[in-house]
Structures are given as C-alpha cells and as structure tokens.
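*Asks:* Got a predicted model here, sequence first, then my questions.
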Protein chains: 2
Amino acid sequence: MSGLAKLSGVDISTVSRALNDSPLVKSKTKEHILKLASETGYAINARARNLRKQSSQTLGIVIPVYPGSHQNLSDPFFLEMIGAVSQAASKHDYDLIINVPHSPTEIAEQRLLLSGKADGLIIIGQAGRTERLKSLGDVADRIVVWGGMTDEADYTLVGSDNFAGGRLVGQHLTDIGRRNIAFLGDITLPEVRLRYNGLTSVLAGLGGEFAPSLMISSSFDGQEAYSKILDLCESANSFDAIFAASDVLGIAAIHAVQSKGLRVPDDVAVVGYDNIGQAAMISPGLTTIDQNIALGGEIMVNALLDKIAGKRVHATLTPTNLVIRGSTLSASF
Amino acid sequence: MSGLAKLSGVDISTVSRALNDSPLVKSKTKEHILKLASETGYAINARARNLRKQSSQTLGIVIPVYPGSHQNLSDPFFLEMIGAVSQAASKHDYDLIINVPHSPTEIAEQRLLLSGKADGLIIIGQAGRTERLKSLGDVADRIVVWGGMTDEADYTLVGSDNFAGGRLVGQHLTDIGRRNIAFLGDITLPEVRLRYNGLTSVLAGLGGEFAPSLMISSSFDGQEAYSKILDLCESANSFDAIFAASDVLGIAAIHAVQSKGLRVPDDVAVVGYDNIGQAAMISPGLTTIDQNIALGGEIMVNALLDKIAGKRVHATLTPTNLVIRGSTLSASF
DNA sequence: TGCAATTTTGCAATCGGTTGTAATTACTAA
DNA sequence: TTAGTAATTACAACCGATTGCAAAATTGCA
C-alpha cells in the first residue's frame, strides 16, 4: 500500500480510503488509485487489516467427528453442511475455517475465538458435549450450535424441528399400515431422541405404543447399523418398518434387510433422515426427511453475524419446512 | 499481553518470550508468567502475531464445486479429502480455510494468498481449470494441486497413480473373464483419462480393444450416470462389466443396471474408484480402488509446508499404494 | 477579489504482538 | 572486593493497514 502511495503521489491514508471506496476521496483520485491497484495486482494485506479492525472476517465451523465417535467423516450430511455454511458465509464476504477436534475433550473452538482467528463459531451437533457447550460462558455470544432443541441449552441453537420430523415419519408409516416399527439410532443424542419422541407420539395417538424390543441402538456408523439390523432380523422380533436416524443408517438398514431376503419396502419399509444428496437415487427404496440443510446453514450464518454485530438473537431457531420425500413415496409402501 | 506484563511486573517483550518458551527467559520468570496466563485465560492475539510474523499459520483448500459443475458437493470424496487435509494440517498447528468458488472463472485462491489469509493453498482437482492453474505464476510456489498427472503441469501435483489404478481394474475384470467392459466417466478430465488409459492398456495386452460404443461419458453427477446407464441398457450394445470413474458413479450404475433386471455382479460386474467410506457396505456389489485419501492429504500438506519453507519439492508426487478392494471381491465375480 | 464554507488530503496514533540491540543484573574467578 | 563474562530483562522499532483530527486546497458567494 505504501507502494501504491508512492506511485500515485498521495498519502497511504488516501490510498486506504480509496480502496475502501470512502466518500472522503475525490472520485478522480479514487479512479487513479484503483487503476494503479489493479494494474499492479495489489491486494490489501488481510493480516494488517484484521489487526487494526479487530475482526478477521472469518467464521469457524466445528465438525465434531473424532476418531472414536463413530459418526463417520464421510457422512454426507457434514459435507452438505460445510457447503451450505461456506456458501452463506461467502455471501457476506466471510471466510470459513474448519476445525475437526481430535478428541471430544478438546476445546479448539475456544482457541479460535480467543485468539481472534475467527469472529464467530458454528458448531455442528451437540453430541456428547452438551455439558461443555453449556460452560462456554463469555464466548457464548459468538457461537451458534446446530442440533436438537433441548431445554438445557443456554446457547443459540439452530435446528430443524426433529419432533415434527419424527411425527412425519410416524404418520407416514402408520398411514401405510405399519405398526411394528423399529427405531434405529442413538437416542441419547438430543436430535435423535426428539425424532424418536415424534414417532412414539404418533403411535400413542393411535392407541398403540412403541415396542422396546424394536429399539435398535446404534451410532451414526453405517457398519454398526448394518450388523445391528442383521441381529434384529435373526431375533424373534417381527417388524414391518424401520425408522433410521439418518440416511446412512437407512441405507445400511436396507441392505441388511435385503441380505436376509426381505423385500424393501414390501416386507419392511425404511425411512431415513436428512435427505442427503443422492439418497433417493442411491437407494431407490429410501424415503427420507428433507432437512433443507442449505437454508439451515444460511440461518446459522445470519444468526451468528447478528450476534457478532451485537444484536440479540432468539435462543433457538427452526429453519426448515420439513418435507418427507422419496422417489418411491407414493408407489412403494 | 500488556495486562500480563503489568501483573507479572515485567516488560511485554519478556512476556512474549515466555509464552513462546524462549530460552532467553529465566525459567522461574517463565513459570510465573505461564501460570498467570493460564489463570487469566490469556490467549495470544493471532491477528497481531500474524501481522508481525508475516504468516497466518493457515492453509487454504479449494474445492471446485460450483453450481454447474456437476460433481456434487455431497460426493463423499471431497469430505474425506477435507478431513484428511484438516487432520494433517492440524498436526503442524495449521488451520484450514475452505473455499468453494462460485464459478469456474473466479480466482478466489489468489485472493487468499495475496491477502495473506493463507500461507499456502491446496487445490482439489484440475477439472476444467488447467489453463488457469498454469497461469498462476508467482504464487505457484505456494500451491499444491491434487489431480491426475499431466505433462503440462508446471505446478506441484499430487495424486495417486491413476493409470495403475485403471490397470488394476482392467486386470481384475479380465481375470474374471469380462471382455465387454463399459467405461463410465468424463475422460476430458486428466484423472479420469488416465484411469481409462490403464484399462485400455490391459485390454490391448490381451489382444483386445475397447469398444467405443461402450464409452459412456458422464460427469461426476450420479443422476446423470444413472440415466446414461439406463440408456446403455436399452441400446443394442452388450456389456458384462462397468468401470465407473468414481464410487458415486459406480453406485448409480449398479442401481441403474438392477432396475433393468440385470444381476450385479453376475450379469454385470461393477468397479468404482475412490473407496469412499462405506462404499462396500452401501452397495455390496461394488468393488473399488482405494486411493488412500488420508495419506494423500498428508503428503499434500507436507509438500506445501516444504514449499512455504522454501524447500524445493518434486513436481509430482504419488502417495498411494493403490489397492483394489471390496467385500465381494473374491466371491462376486 | 476576499473570506467563509466545504472538499480533499496528510499527519500521526493505534491495533497487539515479535525481535534486534542495549542495559541491567547475576554469577565466576582472581 | 572487583573486573569480566554470562544470563536476564527492558527499550524501541516494526509488521501494514485504519481513522480521528488538523491542514491544505477548492469552491461558493458577497
């Protein structure tokens, strides 16, 4: 920038103002400087700018997928979320730093915030960290969490209405006459529990109830789900539907069931959750709940930027018009 | 930091040295300052540090998946790559900024480098941008590209040996007696073309040749592949195997073929590429080439850090022991 | 033309660290 | 005790922008 100043014969403060399109600079001068800048390929030094402006124009996204957690990094849900958030952030000229903690106890998120590398943080999923999230304290006003609604959250929480999603699934499955519905997922996670609650509330409304033996606890790992469903098939428990907590689990369930010679959806209807990209195409029998991840990402970014700007933000936000969809929705069940 | 200086009664330069574990500081003083720092929850201001040190301890990763390119954001390959690179970067205490260009012509990568937001850049895939990549010029020494080897590259290129991978597939398919092998993918992309070349070289070695009518050109979009394969099935061309340029395409192919009543792998053997996480589980009939993405990410990060440090780096690197694998490998074909 | 009002530009402090060099203190040995 | 050396610590410049305020240049009006 001092180079530009010399070239154009003005002070660097004028150069700075020109590059920032300040009205204080005569338009003729501005043009001249801008021309020079583009000719010399000048780019503002973000490091200096960030220091002076006390902001880094960068958001952080924390994807809590450490070895040991069995939610696999390749779960397309995360990539779609990263893409959605990145897209939304760049709309506001923010960059995105991604952070994958090594272990559940690591508090890398704080480092990003306190050191000023990121102006705010988006955390995907509360899984197993609700306690720590609650203790964020003073940095809580620069954080937004994606997850299932819980009463205990005193941080800003964004997430689709998992209970309603669960009800959608329940209604759909009962509509097509299924009553022996298995649930596949880990209901210690708030998101998953809410989906489960939605299902049972529908059953209760019909005077039925969920059979505990059809609760198949599984992490988000497809391998585990696959073998758990195989176990289920070999057990004495009969079932005519599976509600899987994610599409990856749903796809695993379909293949497990099929490998046992059962037909999907004739013998066993399977519903997933997330509507990951090509779910319908990958697995023609899979119906799923569309969480509208793109919109979710956008809402999180907007909420976070509002918080950073000092605005008050509602504690919880629900982005999505949940939709149940699947190429086979009308025909299959 | 000035706060810490007051608290401990020393100059901030001493505090700085203490926090950086400089041998210039008496160990007693150091301990005292460190204790104070942890008690007050002090974190070094990265913005100031970055400015002074002329580095940002941050790498950028460019995922060229713009709307219009049909490689879907949800292709698990990208997420695995992001995870691998992120992992490798954090091993060296580097953060990772992700950048998803809006359009093929956008040169966001340059902005990241020139503004100093990132010290170096990892670009995934050359798809359609070879020209621009070649014109990077002066910033080329802070860039590493993942992709297929081409002669024209004058930037550092890291990638598995796609030709060898193609040969592996060719050998496998011919070993099990297939000769009418269709190729599914876009051979204008260097990576894909090399895989294709590997296949044809095996066929040639056996005195056969690739039938042009079995070249099914498709982007990395599963939807497109699905319908292209349907078309193939309806055509007069007979085939007993499909070599898909990615697992997503392979999975699409399997379902397309099955929907036409053909059995996989009995009637049609399908091989993919990438070994995305749960490929084998998702689609029991899919054999695939394992690119060892984790290792690839690590090699890229190491190469990039070397370049940043001013070391000379070989123009091209090949990370992976390619392995062909699949739960069904022995039994299916 | 002269002077006030308005634009435009320059000066200098500042953001919060790092680091070369000078100054101080502590230690060693005569 | 003291000179001489080594170990610590303090001073001050610097990284490259932004911005409040003063100075200079331009404009408008009498």
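*Replies:* Received, thanks. Residues are numbered from 1 along each chain as shown, chains lettered A, B, ... in the order given.
*Asks:* What sits closest to residue A:191 if chain neighbours are left out?
*Replies:* Nearest residue to residue A:191, sequence neighbours excluded (C-beta to C-beta, 6 or more residues apart in numbering or on different chains): residue A:148, at 3.5 Å. C-betas here are computed from N, CA, C, even on glycine.
*Asks:* Quick check, that neighbour in contact with residue A:196.
*Replies:* No - between residue A:148 and residue A:196 there is no contact under C-beta atoms under 8 Å: 10.6 Å.
*Asks:* list the residues that contact both of the two?
*Replies:* Counting by C-beta atoms under 8 Å, 6 or more residues apart in numbering or on different chains, residue A:148 and residue A:196 have no shared contacts at all.
*Asks:* before we move on, which element is residue A:313 in?
*Replies:* Using DSSP states H and E, residue A:313 falls within no helix or strand.
*Asks:* about what we covered before: now the residue nearest to residue A:191: how far from DNA strand C?
*Replies:* Using C-beta to the nearest atom of the strand, to the nearest Å, we find residue A:148 at a distance of 37 Å from DNA strand C.
*Asks:* give the contact list for that residue.
*Replies:* A:126, A:159, A:162, A:189, A:190, A:191, A:192, A:193, A:194.
*Asks:* Go through those residues and flag which are in strands.
*Replies:* For these, not one is inside strands, with DSSP state E as the criterion.
*Asks:* Now render these as JSON lines, adding pLDDT.
*Replies:* Listed next are those as JSON lines, based on pLDDT from 0 to 100:
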{"residue": "A:126", "pLDDT": "61"}
{"residue": "A:159", "pLDDT": "85"}
{"residue": "A:162", "pLDDT": "89"}
{"residue": "A:189", "pLDDT": "86"}
{"residue": "A:190", "pLDDT": "85"}
{"residue": "A:191", "pLDDT": "86"}
{"residue": "A:192", "pLDDT": "91"}
{"residue": "A:193", "pLDDT": "93"}
{"residue": "A:194", "pLDDT": "92"}
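*Asks:* ok, which residues in the stretch 1-150 of chain A are in contact with DNA strand D?
*Replies:* The stretch 1-150 of chain A has residues A:1-2, A:12-13, A:16-17, A:19-20, A:44-45, A:47-49, A:51-53 near DNA strand D, with proximity defined as C-beta under 7 Å from any atom of the strand.
*Asks:* Now the residue nearest to the spatial centre of chain A: which helix or strand?
*Replies:* Among the residues of chain A, the one closest to the centroid is residue A:81, at 4.6 Å (C-alpha atoms, centre = their mean). In this assignment (DSSP H and E), residue A:81 forms part of helix A:76-91.
*Asks:* cool, and residue A:203?
*Replies:* helix A:190-205.
*Asks:* what's the answer for residue A:304, then?
*Replies:* If you go by DSSP H and E, residue A:304 is part of helix A:293-308.
*Asks:* tally of neighbours for whichever residue of the stretch 51-200 of chain A sits closest to DNA strand D?
*Replies:* Proximity of the stretch 51-200 of chain A to DNA strand D (C-beta to the nearest atom of the strand) peaks at residue A:52, 3.9 Å away. Look at residue A:52: counted by other C-beta atoms under 10 Å in any protein chain shown, it has 12 neighbours.
*Asks:* Assign it to helix, strand or coil.
*Replies:* Here residue A:52 is recorded as helix under DSSP: H, G, I helix; E, B strand; the rest coil.
*Asks:* roughly how far apart are it and DNA strand C?
*Replies:* Applying C-beta to the nearest atom of the strand, the value for residue A:52 to DNA strand C is 3 Å.
*Asks:* what do you get for residue A:296?
*Replies:* Distance of residue A:296 to DNA strand C, computed by C-beta to the nearest atom of the strand: 34 Å.
*Asks:* How about residue A:40?
*Replies:* Between residue A:40 and DNA strand C the computed distance is 18 Å (C-beta to the nearest atom of the strand).
*Asks:* dump the residue contacts of that residue.
*Replies:* A:3, A:4, A:7.
*Asks:* Of the residues you listed, which belong to helices?
*Replies:* Those of these mapping onto helices are A:3, A:4, A:7, per DSSP state H.
*Asks:* ok, now which ones touch the first one?
*Replies:* So that's residue A:3. Contacts for residue A:3 were tallied using C-beta under 8 Å, 6+ apart; they are A:40, A:42.
*Asks:* Report pLDDT for it.
*Replies:* Confidence at residue A:3, expressed as pLDDT, is 93.
*Asks:* same thing with residue A:64?
*Replies:* Looking at residue A:64, the pLDDT reads 77.
*Asks:* Residues touching stretch A:76-86, excluding its own?
*Replies:* A:59, A:61, A:63, A:65, A:96, A:98, A:122, A:124, A:146, A:246-248, A:274, A:276-277, A:293-298, A:300-301, B:65, B:73-76, B:78-79, B:82, B:98-100.
*Asks:* which of these count as buried?
*Replies:* Buried subset of these (neighbour count, 16 or more other C-beta atoms under 10 Å in any protein chain shown): A:59, A:61, A:63, A:65, A:96, A:98, A:122, A:124, A:146, A:246-248, A:274, A:276-277, A:293-294, A:296-298, A:300-301, B:65, B:73-76, B:78-79, B:82, B:98-100.
*Asks:* where do the strands sit along the stretch 1-150 of chain A?
*Replies:* Taking DSSP state E, counting those that start in this stretch, the strands of the stretch 1-150 of chain A run over residues A:58-62, A:95-99, A:120-124, A:143-146.
*Asks:* list the contacts for the closest residue in space to residue A:113 that isn't next to it in sequence?
*Replies:* Closest residue to residue A:113 apart from its sequence neighbours, by C-beta to C-beta, 6+ apart: residue A:139 at 5.0 Å. By C-beta under 8 Å, 6+ apart, the contact set of residue A:139 is A:110, A:113, A:114, A:121.
*Asks:* Per-residue pLDDT of the closest residue to residue A:117 other than its chain neighbours, please?
*Replies:* Excluding the flanking residues, the one nearest residue A:117 by C-beta to C-beta, 6+ apart is residue B:46, at 4.7 Å. pLDDT for residue B:46: 97.
*Asks:* and residue B:46, how many neighbours?
*Replies:* For residue B:46, using other C-beta under 10 Å, the count is 24.
*Asks:* Need the three-state assignment for residue A:289.
*Replies:* Three-state call for residue A:289 (three-state DSSP): strand.
*Asks:* So it is in contact with residue A:167, correct?
*Replies:* No - if you go by C-beta under 8 Å, residue A:289 and residue A:167 don't touch, sitting 10.3 Å apart.
*Asks:* Between the two, which is the more surrounded one?
*Replies:* Using other C-beta under 10 Å, the more surrounded residue of residue A:289 and residue A:167 is residue A:289, with 28 against 20.
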